[in-house]
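> this one's sequence-less:
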């Protein structure tokens with residue numbers, strides 16, 4: 001396969017990674033804000049599924065295809081923009097891994113609350129309801145907080161990928 005074929009697959013993979021991540025984050029955040037437990041439970045299930053079906057394969061494909069294209073072009077992986085991209089990709093990955101666990105845990109919490117007919121996190125409820133509401137809210141805050149540096153890192157990786165140099169420094 002040619003360099004341009006690999007590049008097309010690499011770019012399409014990045015679009016899929018961004019689209020799934022941003023779309024999942026938006027729909028999950030909106031479902032959590034709305035506070036309807038059934039909606040939250042379904043959205044959490046879909047977010048976890050989307051991570052397995054779309055995000056995980058693209059997270060694996062991105063560095064492999066990128067490094068393969070470097071090889072095809074004869075560029076060293078020690079090129080500054082590549083090293084910076086790999087470092088930022090690692091930052092995003094280190095944020096994403098706990099987020100995956102949090103999404104699974106929030107799915108478990110909403111599924112269990114729905115099965116037990118408990119009130120959603122935004123609503124009041126009996127004392128028995130407090131534990132899951134508190135845990136869910138805390139996980140949701142961490143989920144959002146980790147998403148910000150992960151997403152920001154990936155935006156910069158795309159800029160580096162497009163320019164193939166560090167625009168604000170020497171390469």
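Now that the structure is in, tell me what you want to look at. Bear in mind that the values here come from a model prediction, so they are computed numbers and not experimental data.
> so which helix or strand takes in the most centrally placed residue in the chain?
Among the residues of the chain, the one closest to the centroid is residue 21, at 4.6 Å (Cα atoms, centre = their mean). Per DSSP states H and E: residue 21 is located in helix 3-34.
> I'd say the residue nearest to the centre of the chain and residue 59 touch.
No. Between residue 21 and residue 59 there is no contact under Cβ atoms under 8 Å: 9.8 Å. (Glycine included, C-beta is placed from N, CA and C.)
> could you say what helices and strands the worst-scoring helix or strand of the chain on mean pLDDT packs with?
Across the helices and strands of the chain, mean confidence by mean pLDDT, DSSP states H and E is lowest for helix 127-163: a mean of 90. Counting contacts by 3 or more Cβ pairs under 8 Å, 6 or more residues apart in numbering; DSSP states H and E, helix 127-163 packs against helix 3-34, helix 80-115.
> returning to that earlier point: taking helix 127-163 as reference, get the angle to the helix holding residue 21.
Our comparison of helix 3-34 with helix 127-163, counting by axes from the mean of the first three to the mean of the last three Cα atoms, to 10 degrees, yields an angle of 150 degrees.
> low-confidence regions, the protein specifically.
Residues of the chain meeting the criterion pLDDT under 70: 118-130, 168-171.
> follow-up on the earlier one: distance of the residue nearest to the centre of the chain relative to residue 36?
For residue 21, the distance to residue 36 (Cβ to Cβ, to the nearest Å) stands at 24 Å.
> over to residue 17?
Counting by Cβ to Cβ, the separation of residue 17 from residue 36 is 29 Å.
> quick one: which of these two has more around it?
residue 17 (21 against 14; other Cβ atoms under 10 Å).
> how about the closest residue to the more buried one other than its chain neighbours, what does it touch?
Distances taken as Cβ to Cβ, 6 or more residues apart in numbering place residue 58 nearest to residue 17, at 4.1 Å, with adjacent residues excluded. Applying Cβ atoms under 8 Å, 6 or more residues apart in numbering, one finds that residue 58 lies in contact with 13-14, 16-17, 20.
> pipe these into CSV and attach distance to residue 90 per row.
Output for the contacts of residue 58, formatted as CSV (distance: Cβ to Cβ, whole Å):
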residue, distance to residue 90
13, 18
14, 16
16, 20
17, 15
20, 20
